[in-house]
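Novice: got a predicted structure here, sequence first:
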Amino acid sequence: MMHNQHIKDPKKIARLAGFLYVLLVPLGVFGILYVPNALIVSGDTATTISNILSNENMYRLSIVSALLTQIVNLFVVVYLYILLKPVNKNHAAMMLIFILVAVPIAMFNELNRIAVLFLLNDSITLARDQVHSLVTLLLDIHQQCIHLVGIFWGLWLLPMGYLVYQSNFIPKFIGIFLIIGGIAYVIDFFTALLFPNFTLFASDYTFLGEVLMMLWLLIKGIDEKQWNKTAHELSNH
């Protein structure tokens, strides 16, 4: 990690963090949301398998996109850690730890989708019913694991929201929306676990904080004067 006094241009780091944060949107939407929703038909394994085989390149590309999402996420949280550490080192460390826990879980989860491709390979001799059952199981585990990772996607927003709210170089209202979004992710985790047939998720409507955060960093950056003042106060403690 870089020390505060070695950061010559915190606004440039903020904009880089914003750019990478924005990059998560197309990668995550394509890999985690669009392709699974387009190809997987709930309750109809035969159609799901047909969709995957007919669109295998897109299916494989979605796996790559999901993996790239996690790699980019690592860089995002490191740059945000550098920016927000002057506000509170402990809370910045919590933010970093939650993502460091979430990323490997999410990456290993993609093995479930890769395993589906092995099952559908002609060289594997299994009865049709066995293949269908295993494909359903793997895709269900993949979906449940996304809900599991969701709790960490929510938990990292809580300290980040707090840090933004406490800072003097990013608007406080963004911090409030980030905290709301984080709470929604945590609620969704327990909702998916306790009520598996419930399809309405709070995080579908509380993503404004992250949108505002990424756009603010990319377009506006940070109040460099206030950031330097905060970093200077930290270095004197």
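Specialist: Thanks, I have the structure now.
Novice: helix or strand right after the top helix by length along the chain?
Specialist: For the chain, the longest helix by residue count, based on DSSP state H, is helix 89-119. Using DSSP states H and E, the helix or strand that follows helix 89-119 towards the C-terminus is helix 128-155.
Novice: in that next one, which residues are buried?
Specialist: If you call a residue buried by 16 or more other C-beta atoms under 10 Å, then helix 128-155 has these buried ones: 131-132, 134-136, 138-139, 142-143, 145-155. (Glycine included, C-beta is placed from N, CA and C.)
Novice: that older thread, what's the longest helix of the chain packed up against?
Specialist: In terms of contacts (3 or more C-beta pairs under 8 Å, 6 or more residues apart in numbering; DSSP states H and E), helix 89-119 is packed against helix 56-84, helix 128-155, helix 157-166.
Novice: which one of those helices lies closest to residue 27?
Specialist: Shortest distance between residue 27 and the helices and strands packed on helix 89-119, using C-beta to C-beta, is found for helix 56-84: 4.3 Å.
Novice: flag every buried residue along the helix-or-strand element of the chain with minimal mean pLDDT.
Specialist: None of the helices or strands of the chain scores lower by mean pLDDT, DSSP states H and E than helix 224-235, at a mean of 77. Buried positions in helix 224-235, judged by neighbour count with 16+ other C-beta under 10 Å: 227, 228, 230, 231.
Novice: thought residue 167 was touching the third one, still the case?
Specialist: Yes - with contacts counted by C-beta atoms under 8 Å, residue 230 reaches residue 167, the gap being 6.8 Å.
Novice: which neighbours do these two share?
Specialist: Both residue 230 and residue 167 are contacted by residue 87, under the criterion C-beta atoms under 8 Å, 6 or more residues apart in numbering.
Novice: could you find the closest non-adjacent residue to the residue minimising distance to the centre of the chain?
Specialist: The centroid of the chain falls nearest to residue 153 when counting by C-alpha atoms, centre = their mean (5.7 Å). With C-beta to C-beta, 6 or more residues apart in numbering as the criterion, residue 153 has its nearest non-adjacent residue at 5.1 Å, and that residue is residue 185.
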